[in-house]
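[1] Need coordinates for the following:
(one chain, ligands or ions: 3)
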Amino acid sequence: MSPPAASSGVRMSNSSLRAWVHEVAALTRPQHVYWCDGSQAEIDRLCAEMVDDGTLIPLDPVKHPGCFYARSHVNDVARVEDRTFICSPEKSDAGPTNNWSDPAAMHTLLKQILDGCMAGRTMYVLPYLMGPPKSPMARVGIEITDSPYVVANMRIMTRMGQIALDELGDRDDFVKGIHSVAHLNPAERYISHFPAENLVISVNSNYGGNALLGKKCFALRLASVLARDEGWMAEHMLIIGITDPTGRKTYVAAAFPSACGKTNLAMLVPPPEDLEAGWKVETIGDDIAWLKFGADGRLHGVNPEHGFFGVAPGTSLATNPNAMLSCRTNTIFTNVALLSDHTVWWEGMDGPPPTQAFDWRGNLWTPQSPTPAAHPNSRFTAPASQCPSISPDWEKPEGVPIHAILFGGRRTTTIPLVYQAFHWRHGTFVGASMTSEKTAAAEGKVGELRHDPMAMLPFCGYHMADYWRHWIAMGERGGSRMPSVFHVNWFRKDTNGRWLWPGFRQNMRVLKWMVRRVHGEVDAEKTAIGLVPHADDLGLNELGITGNAAEQLLGVDRAAWMAETEERDRFFQRFEDRLPPEIFFENAALRFRLVMRRSA
Ligand code: GTP
Ligand code: SPV
Ligand code: MN
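    Ligands and ions are numbered 1, 2, ... in the order given. The predicted structure is shown next:
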């Protein structure tokens with residue numbers, strides 16, 4: 001017998017959904033089953049319950065109305081890539097960059113963990129929509145969870161509740177997610193994807209991408225498989241709209257690895273002189289883009305999400321005022337520091353540090369403490385609609401036309417500030433070759449250089465070489481209407497370890513150059529690696545970047561690039577004969593140009 005449904009107002013007549021929910025309840029055996037309608041009253045009630053049991057601490061109602069503070073378990077603070085599995089029927093379909101498990105074996109293992117795991121708890125059924133309402137690109141997911149914290153976060157991050165059930169109707173093509181905090185036992189933590197069943201099962205974590213199943217699990221790992229099969233793209237990309245002084249809009253999608261600057265670029269405020277001249281940057285999304293050909297033959301992008309799960313440390317009014325304003329109200333802060341006046345703090349916030357605080361573990365902290373007050377992967381969960389720079393186009397059902405795609409990573413050496421790929425196939429190679437220093441967004445050693453193709457290493461739901469093949473095939477379909485491709489690196493350092501590039505709002509200089517390139521309004525220098533700007537076209541002089549610094553930022557170091565191509569070859573060899581020959585060819589062509597050119 002299935003447990004009684006706690007009353008909520010949802011209207012639903014989908015029998016396959018009902019049957020699946022019963023099946024999960026029979027296995028996990030919760031005390032109550034509750035269907036979320038997504039209403040304000042419902043979330044107010046849930047948050048009040050979480051305040052009562054200590055899960056949430058309400059923040060100052062004047063300085064931070066509608067905001068809550070949360071701490072995760074100390075062993076559960078980031079995505080766990082080594083516990084994340086792609087359970088495709090064939091091992092070879094997961095590819096060498098994913099952990100694979102046999103689906104039947106994984107189901108058996110997870111059944112044991114899920115068996116009775118919700119005893120004494122409420123099981124929440126969360127219907128949610130990824131993508132704008134009434135959009136042909138939108139999809140419905142259902143997450144079943146025993147975590148009210150997940151419900152509160154998912155209500156910000158997605159369009160949750162009745163709206164999703166209404167969009168689903170009687171169809172059975174919803175993406176299934178089963179999540180249980182279980183015992184938060186890291187040894188039994190599994191984030192398992194079953195692409196053939198449109199299913200994710202996540203147990204023993206309650207943090208970010210491990211637990212908010214609409215985000216990386218659905219909108220990237222499972223969606224990348226759907227996208228391959230249906231001829232579209234699911235990418236780890238922000239989307240912005242740039243308005244120039246003539247009023248023309250240029251849309252850019254950008255893939256940077258986790259904690260490498262997507263949210264910051266998505267909310268960029270141009271420098272005063274550009275604002276005065278009429279430049280404007282508007283936010284469409286900050287983490288995930290779904291791209292599909294529109295009726296005009298161009299790639300169009302939507303942001304499937306409805307909120308931001310943004311990195312807190314380093315975010316300030318000086319670096320990202322729009323993020324600070326987005327998270328002033330109706331926000332959940334997780335693992336930042338708590339001050340005694342019920343406000344929050346993190347490293348890099350404006351002004352001097354507080355004289356004392358409670359750190360992310362709940363311990364008393366002072367500026368003399370040897371550890372940071374906020375966890376490096378502490379985050380704010382804020383509604384996208386609250387962002388001052390949110391674009392009027394952000395919920396357009398047909399999405400926005402994408403003119404340029406930008407790749408980037410954290411590289412202290414070799415990779416210049418910006419260069420443009422010669423064409424789509426070369427751009428695919430540029431994306432496939434991305435490397436970046438690891439950040440705190442995932443468990444593991446921070447700072448280690450690793451390959452992260454298209455910023456999708458942890459998020460591609462199938463064989464990475466097939467994913468590159470899909471990129472090439474999309475390019476063949478789109479022909480001359482495909483976006484121009486660029487690569488940027490905001491993170492170059494000089495020999496003394498200082499940033500060579502001021503970054504943040506000064507990145508506008510690079511965006512302006514890209515806009516002019518897209519519309520054929522500025523020349524570039526043809527080098528072995530691609531098309532590089534003339535220093536004057538970025539106004540490097542105005543920033544006091546001259547001589548050796550300018551050379552380091554924009555130059556091509558032939559020896560370092562030769563080493564780069566060798567490293568790429570080693571990486572590409574891992575894909576054996578599944579590697580698209582185009583990728584192999586582009587690396588050989590790069591090496592040829594490096595060797596043959598008199599000036600690189
Ligand atoms: P995920 O949400 O993990 O996918 O991260 P993200 O790509 O959105 O990264 P985010 O914009 O949150 O930036 C992460 C860190 O990089 C923050 O600490 C920023 O302050 C820092 N950062 C962002 N842009 C720049 C830049 O232009 N220069 C420098 N030096 N740091 C930057
Ligand atoms: C990332 O790591 O890329 C994030 C945070 O955006 S999480 O939702 O945890 O994946
Ligand atoms: Mn991300």
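
[2] shaky segments in the stretch 101-250 of the chain?
    Counting by pLDDT under 70, the stretch 101-250 of the chain shows no low-confidence range.

[3] and what of the chain?
    Applying pLDDT under 70 to the chain flags residues 1-7, 598-600.

[4] Mind splitting it into its structural domains?
    Using automatic domain parsing, the domain ranges for the chain come out as 15-35+80-230, 235-303+394-556, 308-386.

[5] in this structure, which residue is closest to the centre?
    Taking CA atoms, centre = their mean, the centroid of the chain lies closest to Asp287, which sits 3.3 Å from it.

[6] anything in the lengthiest strand in the chain near ligand 2?
    Longest strand in the chain, counting residues (DSSP state E): strand 122-130. No: shown here: strand 122-130 not in contact with ligand 2 (CB under 6 Å from any ligand atom), separated by at least 13.7 Å. C-beta here means a position set from N, CA and C on the backbone, and glycine is covered the same way.

[7] After that strand, which helix or strand is next? Please name it.
    Remark: after strand 122-130, the chain's next helix or strand is strand 139-145, criterion DSSP states H and E.

[8] can you list contacts of that following strand?
    The contact list for strand 139-145, computed with CB atoms under 8 Å, 6 or more residues apart in numbering, reads 17, 20-21, 24, 28, 123-131, 150-151, 154, 158, 164-165, 167-168, 171, 173-180, 211, 213-214, 218, 223, 226, 304.

[9] from the chain's centre, how far out does the longest strand of the chain sit?
    Relative to the centre of its chain, strand 122-130 is centred 21 Å away, using CA atoms, centre = their mean, to the nearest Å.

[10] Need phi/psi at Pro270.
    Dihedral pair for Pro270: phi -60, psi 150, per degrees, to the nearest 10.

[11] Skip the chain neighbours and tell me the closest residue to Arg509.
    Using CB to CB, 6 or more residues apart in numbering and skipping residues adjacent in sequence, the residue nearest Arg509 is Leu538, 4.8 Å away.

[12] Correction: the previous question concerned Lys438.
    Lys438's closest residue in space is Glu448 (CB to CB, 6+ apart), at 4.8 Å.

[13] State whether the one you found and Thr435 are indeed in contact, as I suppose.
    No: counting by CB atoms under 8 Å, Glu448 stays clear of Thr435, with 10.4 Å between them.

[14] Counting neighbours around each, name which of the two comes out higher.
    More crowded of Glu448 and Thr435, by other CB atoms under 10 Å: Thr435, with 20 against 9.

[15] Quick one: residues contacting the closest residue in space to the more buried one that isn't next to it in sequence.
    Using CB to CB, 6+ apart and skipping the chain neighbours, the partner closest in space to Thr435 is His451 (5.2 Å). Each residue near His451 by CB under 8 Å, 6+ apart is listed here: 433-435, 457, 571.

[16] residues from the stretch 251-400 of the chain in reach of ligand 2?
    When proximity is defined as CB under 6 Å from any ligand atom, the stretch 251-400 of the chain approaches ligand 2 at 258, 287, 309.

[17] Could you rerun that using 8 Å?
    257-259, 262, 287, 309, 311, 377, 379 (CB under 8 Å from any ligand atom).

[18] would CSV of those residues with distance to ligand 1 be doable?
    Converted to CSV, these look like this (distance: CB to the nearest ligand atom, whole Å):
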residue, distance to ligand 1
Pro257, 7
Ser258, 3
Ala259, 4
Lys262, 3
Asp287, 5
Phe309, 6
Val311, 4
Asn377, 8
Arg379, 8
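
[19] Can you flag which of the contacts of strand 139-145 belong to strands?
    123-130, 175-180.

[20] Now rank those by neighbours and give me the top one.
    Tyr128 (30 neighbours).

[21] what's the farthest-apart pair in the ones in strands among the contacts of strand 139-145?
    Leu129 and Ser180 (23.1 Å; CB to CB).

[22] Run through the helices of the stretch 101-250 of the chain in chain order.
    Along the stretch 101-250 of the chain, the segments classed as helices by DSSP state H, counting those that start in this stretch run 103-114, 148-157, 162-168, 208-211, 223-230.

[23] Ligand 1: which of those is closest?
    The closest of the helices of the stretch 101-250 of the chain to ligand 1 is helix 208-211. By CB to the nearest ligand atom, the value is 8.6 Å.

[24] quick one: the nearest residue to Asn75 once chain neighbours are set aside and Leu56, what's the gap?
    Of all residues not flanking Asn75 in the chain, Pro186 sits nearest, at 5.1 Å (CB to CB, 6+ apart). Between Pro186 and Leu56 the computed distance is 23 Å (CB to CB, to the nearest Å).

[25] what sits against the residue nearest to Arg509?
    417-418, 509-510, 513, 554.

[26] Please flag which of those residues sit within strands.
    Using DSSP E, the contacts of Leu538 in strands are Val418.

[27] ok, the contacts of Leu538 vs ligand 1, which is closest?
    Closest approach to ligand 1 among the contacts of Leu538 (CB to the nearest ligand atom): Val510, at 9.7 Å.

[28] Tell me, how many residues neighbour the residue lying closest to that closest one once chain neighbours are set aside?
    Residue nearest to Val510 in three dimensions, not counting chain neighbours: Val418, with 4.9 Å by CB to CB, 6+ apart. Neighbours of Val418 under the rule other CB under 10 Å: 28.

[29] Pretty sure Val418 sits against Val485.
    No: the pair Val418 and Val485 fails to qualify as a contact (CB under 8 Å) at a distance of 11.6 Å.

[30] Beta-bridge partners for Gly408, please?
    With DSSP bridges as the criterion, Gly408 is bridged to Val488.

[31] what's it in contact with, if anything?
    254-256, 260-261, 434, 487-490.

[32] possible to save these as TSV with neighbour count and distance to Leu268?
    Shown next, in TSV, are those (neighbours: other CB atoms under 10 Å; distance: CB to CB, whole Å):
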residue	neighbour count	distance to Leu268
Ala254	26	11
Ala255	23	16
Phe256	27	13
Cys260	25	15
Gly261	24	10
Met434	23	21
His487	24	18
Val488	23	13
Asn489	25	16
Trp490	24	11
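
[33] Which residue lies closest in space to the residue in the stretch 351-500 of the chain that ligand 2 sits nearest to, excluding its sequence neighbours?
    Nearest to ligand 2, among the residues of the stretch 351-500 of the chain, is Ala441, at 3.6 Å (CB to the nearest ligand atom). Nearest residue to Ala441 in three dimensions, chain neighbours excluded: Ser258, at 3.3 Å (CB to CB, 6+ apart).

[34] got a list of what the one you found touches?
    Counted by CB under 8 Å, 6+ apart, Ser258 has contacts 79, 439, 441-442, 455, 458.

[35] Which of these sits closest to ligand 1?
    Ala441 (4.1 Å).

[36] State the distance from that closest one to ligand 3.
    Separation of Ala441 from ligand 3 (CB to the ion, to the nearest Å) stands at 7 Å.

[37] contacting residues for that residue?
    Ala441 makes contact with 78-79, 257-259, 311, 377, according to CB under 8 Å, 6+ apart.
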